[in-house]
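Chemist: only geometry, no sequence info:
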Ligand SMILES: CC(C)(COP(=O)(O)OP(=O)(O)OC[C@H]1O[C@@H](n2cnc3c(N)ncnc32)[C@H](O)[C@@H]1OP(=O)(O)O)[C@@H](O)C(=O)NCCC(=O)NCCSC(=O)C[C@H](O)C(=O)O
Ligand SMILES: [Mg+2]
């Protein structure tokens, strides 16, 4: 199990922010060569990201690079750089077809993965096929681009995006890969961020992409198990184990039935809680 509660975008053109990211409580950092970097700065940012990755120092944080999309003048060189950089993988924006993902995956080492961004209407409709493409580790929702393409209005409940977000989770789960929610655009609005993280967790996302270090604590909190959930999981395992010892296949804990499938999920939750404890944030 990989912790993916918080994935922080860091503009590849801001070397001091990248340096800072090495110490931040993020499960993953996404060194961005796409939207956060203006065209004039793209070659310089690519070089800076290569240097930073070769220096290492990201500890347990997965260091990923968001390359420019296929068909842009920067895409080929971005992928060439990442392939030899020591990064954990590529974040591929505006994925719309498995062939785009395959083309990137073919240029990477086997241990590197592709994270496909689903952020266009075509991408949403192809999400199932993209998620099951070899080399894909997860889908990441790109809610800003998607909202634009849908010509949808912004609302706190993300009503216009709900269907697409749930399709992303469905596609990821059907393929057995991770599902990561899109960014919340207002770094100072902690209450709004928490609300959106809770909604993402309710939908089944593993974590959230973020744009500012101040957002990390809330995402880590919401996408990690609560103490009550850990305690309930432990009691489910204990209750089911005793029921089994008495020849029963079902236990009742806190008035709710517990079967083998609940115990599997309880065990996963405890593994995740242990990983979080070991990680220290
Ligand atoms: C939004 C920002 C431009 C704000 O930057 P700034 O004004 O510098 O913020 P602060 O002064 O509050 O910063 C405090 C310190 O934190 C560091 N910092 C800020 N942001 C980051 C970061 N993302 N990673 C690491 N460190 C960061 C600052 O350097 C300050 O450090 P210090 O000087 O030591 O105190 C900025 O946060 C930012 O650029 N964020 C990322 C924006 C981005 O990457 N956007 C693209 C990805 S989102 C996207 O594209 C979504 C998707 O594609 C879609 O379609 O939805
Ligand atoms: Mg985008």
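Modeler: Cool, the structure landed. All figures in this text were calculated on a predicted structure; none of them were measured in a lab. Ligands and ions are numbered 1, 2, ... in the order given.
Chemist: who in the stretch 151-281 of the chain is up against ligand 1?
Modeler: Contacts of the stretch 151-281 of the chain with ligand 1, taken as C-beta under 6 Å from any ligand atom, map to 182, 183, 187, 211, 212, 213. Placement of C-beta: from N, CA and C, glycine included.
Chemist: and the stretch 1-150 of the chain, by the same measure?
Modeler: 8-11, 16-17, 20-21, 32, 35-36, 119, 142-145.
Chemist: show only the entries of the residues you listed found in helices.
Modeler: Here DSSP state H is the test, and these give 16, 17, 20, 21, 143, 144, 145 as lying in helices.
Chemist: next, the contact list for the third one, please.
Modeler: Residue 20 makes contact with residue 213 under the criterion C-beta atoms under 8 Å, 6 or more residues apart in numbering.
Chemist: gap between it and residue 189?
Modeler: As judged by C-beta to C-beta, to the nearest Å, residue 20 and residue 189 stand 22 Å apart.
Chemist: what does the fifth one give?
Modeler: Relative to residue 189, residue 143 is positioned 15 Å away (criterion: C-beta to C-beta).
Chemist: so between these two, which is more surrounded?
Modeler: residue 143 (25 against 13; other C-beta atoms under 10 Å).
Chemist: what's the neighbour count on the residue lying closest to the more buried one once chain neighbours are set aside?
Modeler: Nearest non-adjacent residue to residue 143, counting by C-beta to C-beta, 6 or more residues apart in numbering: residue 182, 3.1 Å away. Residues contacting residue 182 under the criterion other C-beta under 10 Å number 26.
Chemist: residue 98 too?
Modeler: 19.
Chemist: do the same with residue 246
Modeler: 7.
Chemist: residues in contact with it?
Modeler: Contacts of residue 246 (C-beta under 8 Å, 6+ apart): none.
Chemist: ok, the residue of the stretch 151-281 of the chain found nearest ligand 2 - contacts?
Modeler: Scanning the stretch 151-281 of the chain for the residue nearest ligand 2 gives residue 182, at 8.3 Å (criterion: C-beta to the ion). For residue 182, the contact set (C-beta under 8 Å, 6+ apart) comprises 119, 140, 141, 142, 143, 144, 146, 165, 208, 209.
Chemist: let's go with 7 Å and repeat that
Modeler: 141, 142, 143, 209 (C-beta atoms under 7 Å, 6 or more residues apart in numbering).
Chemist: what does residue 3 give?
Modeler: Going by C-beta under 7 Å, 6+ apart, the list of residues near residue 3 reads 27, 275, 276, 279.
Chemist: that one falls within a strand, correct?
Modeler: No - using DSSP: H, G, I helix; E, B strand; the rest coil, the assignment for residue 3 is coil, not a strand.
Chemist: residue 80: neighbouring residues, count only.
Modeler: So residue 80, with other C-beta under 10 Å, has 14 neighbours.
Chemist: what's the helix or strand hosting it packed up against?
Modeler: Residue 80 is part of helix 75-83 when elements are defined by DSSP states H and E. In terms of contacts (3 or more C-beta pairs under 7 Å, 6 or more residues apart in numbering; DSSP states H and E), helix 75-83 is packed against helix 42-55.
Chemist: great, nothing more from me.
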